[in-house]
Each structure stands twice: as C-alpha cells, then as structure tokens.
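Q: what follows is a protein structure lacking sequence information:
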C-alpha cells in the first residue's frame, strides 16, 4: 500500500480460467473481472455499487428458507448514530448446523427499498486471517478477518450474493425477504466452506450511494450453533389448537446423569400469532449432589488405535437399601461422568463390536474418582 504494485493472481471460475494482473494501490485493492459461462462479466470490486452478476450464475441460487431455529440478537447498535438515512439497530443470527440465518433490523425511518452493504463472515474467528473489513468499507476497529461476505446490494429485490473473500468467487445466491424493517436471509453452511456454524460477524450498511452505518463500530458479534438443551425434555413438542383451546406441556428438567452445577436455557414457544410469534420462558436448573454421593469420571478408548469410543456405562449400587442404577453414554470424545452413592460397586462398560469390561470401583462421598477404560475387539474363535 502507498505505491503501485503488480501481482499475478489465479482465479478459478466455471468458464475457462485466465491469469489476471491485479494492480493494487491506495488503501483498497481492486479486484478482477470474472467471466461467466455466457461470457458476461461478473465484477466484484471495492466500489459501493451492485455487482453485474451474469445469468449463468442463477444455477447457484439456493431456494427458499430452510433454517429451523431461533434468531437471537448478536450485536446491537445505537439508534441515530448513522451518517445517513439507513440506520441499523440490531444484527440477528442463528445456526442449526446446516444453515446460518441472518436478520438485520433497521429504524422505522429507514427506507427498506434502498438497502446496500456487506456482511462480513469470519469463519475461523481469527481477525488476523482473511480479508480485513476496511477492504469493503468496514472499519479497522471491526475485529474480523473475513473468509466470506454477503453482498446486500440486491437484497431489497430478493437476492443476496455470497462471495469467497479470498478469491472473490461467487459461491451462492440466496433468497432474501424484507419483513417490515427487518431483512432476512439464510446461507447453507456448505456454501461457507462447510463450517460448523460458529463464526464472528460484522457489517457495513448504507443506501445506493454510500455507506451510512457500521455494526458494531468496535469488535464483532458471534453466532453459535443452535442446540437443544439435553437437560430439558418437552412433551408434546408440537400442538395444533383451535380458538379457545389450550394444551398442557410437561417440561422435565435433568435426569440421574445430569452433572452438578447451574443450567440456564430458554423454552421458546413459536406460533403463528402475529402479535406474539415467539414467547421465551427462561429456565434455570440447579443440581446439587447429595452428601453421600460421589462422582466417577474417565475416558473410554479403543485399546489398539487409541480412538475414543461412545461406550455405554452402568453402575449398579444401593441407595437406602434399594438397588440404584446409574447409566450413561460416553461423549464422542470418549469422556463420561456418573454420580453414585459412596461405596464399592461394579462398573460395566460395553460398546458394539468390543469385549465388555467390568470392574469394581470405589466411590468416596463428595469426591471424584477417575476410571479409564481401553476396550479391545474380541479374539476370533478358532474351531478345534
């Protein structure tokens, strides 16, 4: 930066590829012309303007909305801090492991027909890697290094372009909708490099002529995958009600395998009520271990390869003179925890295709005992 530099850059596209010479000068890089299959140019440079996306890319369009989760506030922005008419209030986000869904809320005075801008996606959550936000009209104080970005210049017309920030290759065209003062769109995680749904975000918004608002001004927002709380069970999970009807919903918190500690979650009631489409009920569960209980923890591995096994574990103990069964399944990384009365009890570990192991373990009240297991595949039986 500060001088003219020539660089040879290779860009992969659906049409025959070419080598482009990229002149870089000033504070912002100028990106090359990408040619689609029909010969029409697709240009995504650093101008505040919509891209000329050729019709050949329409096959990359993702139909409809498939996100099945909740959108939560990721970043809030002060009302009235915009330098123009487009004033953003909140960046909403959610992920269900298959898609990431975005919502952008604007002030009532914002004209939703003039929306433009970029949403920056920091997939590895490392601001030191990827394209810096100032390369696309962002602020240097926005703590993201983008691997992908969403081009919102056609969002009001129903399309958002998803672009690889490293190659500037168009990877998907997703549908967008304007619901009141909120812009909504979903992106398949496959289009974002197969990410797990954990990412940092920031954005710059404006009208057709210039950027007017940044969210956040400093830092970033974080989207985490939406997951059902394993310690909450709801029955029924869905119901159809006629006017005036009601339904009783049983909410069960925790089980015999729930570890001690505080658990916080939300039971979200979603409906087609236009005034109350979502009602959140906060749920808090405090689990304390009885005085005469202790913990068993450890790891279950493959004895030969050292790989973790999601094995089944059972301890048959006694509580107040009655049999007390504690059972659990090890996590994908092989770790487990069980909570049983103090004493010496048989612990059995099993996993399909492996020889079952059993050993006596001694548990002390108020203490944690570690018992690791290595399971072996059974020896083949040879006929005499």
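A: Sure, I can see it. All of these numbers come straight from a predicted model, not from anything done at the bench.

Q: where does pLDDT dip in this protein?
A: 1-46, 53-69, 256, 379-384 (pLDDT under 70).

Q: 50 - rerun?
A: Where the chain drops to pLDDT under 50, the residues are 1-43, 59.

Q: what about the helices in it?
A: For the chain, applying DSSP state H gives no helices.

Q: neighbours around the spatially closest residue to residue 239 that is not a sequence neighbour, how many?
A: Spatial nearest neighbour of residue 239, chain neighbours left out: residue 247 (4.6 Å); criterion: Cβ to Cβ, 6 or more residues apart in numbering. Quick note: C-beta positions are derived from backbone N, CA and C, even for glycine. Taking other Cβ atoms under 10 Å as the criterion, the count of residues near residue 247 is 9.

Q: I'd say residue 247 and residue 238 touch.
A: No: using Cβ atoms under 8 Å, residue 247 is not in contact with residue 238, being 9.8 Å away.

Q: and the residue nearest to residue 239, how far is that from residue 80?
A: 44 Å (Cβ to Cβ, to the nearest Å).

Q: then residue 155?
A: As judged by Cβ to Cβ, residue 155 and residue 80 stand 23 Å apart.

Q: these two: who's more crowded?
A: residue 155 (26 against 9).

Q: correct me, but the more buried one touches residue 115?
A: Yes: with contacts counted by Cβ under 8 Å, residue 155 reaches residue 115, the gap being 5.4 Å.

Q: now the common contact residues for the two.
A: residue 183 (Cβ atoms under 8 Å, 6 or more residues apart in numbering).

Q: what sits against the residue lying closest to residue 196 once chain neighbours are set aside?
A: The shortest distance from residue 196 to any non-neighbouring residue, by Cβ to Cβ, 6+ apart, is to residue 225 (6.7 Å). Applying Cβ under 8 Å, 6+ apart to residue 225 gives the contacts 95, 96, 97, 196, 197, 198.

Q: how far off centre is stretch 369-382?
A: 36 Å (Cα atoms, centre = their mean, to the nearest Å).

Q: what lies in contact with it?
A: Residues outside stretch 369-382 that contact it (Cβ under 8 Å, 6+ apart): 294-304, 309, 311, 347, 349, 351, 353-355, 357, 359, 361-363.

Q: buried subset of those residues, written for PyMOL?
A: Selection of the buried residues among those in PyMOL, burial being defined by 16 or more other Cβ atoms under 10 Å:
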select buried, resi 294+295+296+298+299+300+301+302+309+311+347+349+351+354+357+361+363
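
Q: among the contacts of residue 225, which one lies nearest to residue 267?
A: Set against residue 267, the nearest of those by Cβ to Cβ is residue 96 (17.1 Å).

Q: on that earlier part again, which of the contacts of residue 225 has the most neighbours?
A: Highest neighbour count within the contacts of residue 225, by other Cβ under 10 Å: residue 95, with 24 neighbours.

Q: just checking, it touches residue 201?
A: No: if you go by Cβ under 8 Å, residue 95 and residue 201 don't touch, sitting 11.0 Å apart.

Q: now list whatever residues contact both of the two.
A: In contact with both residue 95 and residue 201: residue 223, using Cβ under 8 Å, 6+ apart.

Q: residue 257 touches residue 328, doesn't it?
A: Yes: checked against Cβ under 8 Å, the pair residue 257 and residue 328 is within contact range at 4.5 Å.

Q: the more surrounded of the two?
A: Between residue 257 and residue 328, counting by other Cβ under 10 Å, residue 328 is the more crowded of the two (19 against 16).

Q: ok, that one - contacts?
A: Applying Cβ under 8 Å, 6+ apart, the residues near residue 328 are 257, 312, 313, 336, 337, 338.

Q: my guess is the second one contacts residue 350, does it?
A: Yes: the pair formed by residue 312 and residue 350 meets the contact definition of Cβ under 8 Å, at 5.1 Å.
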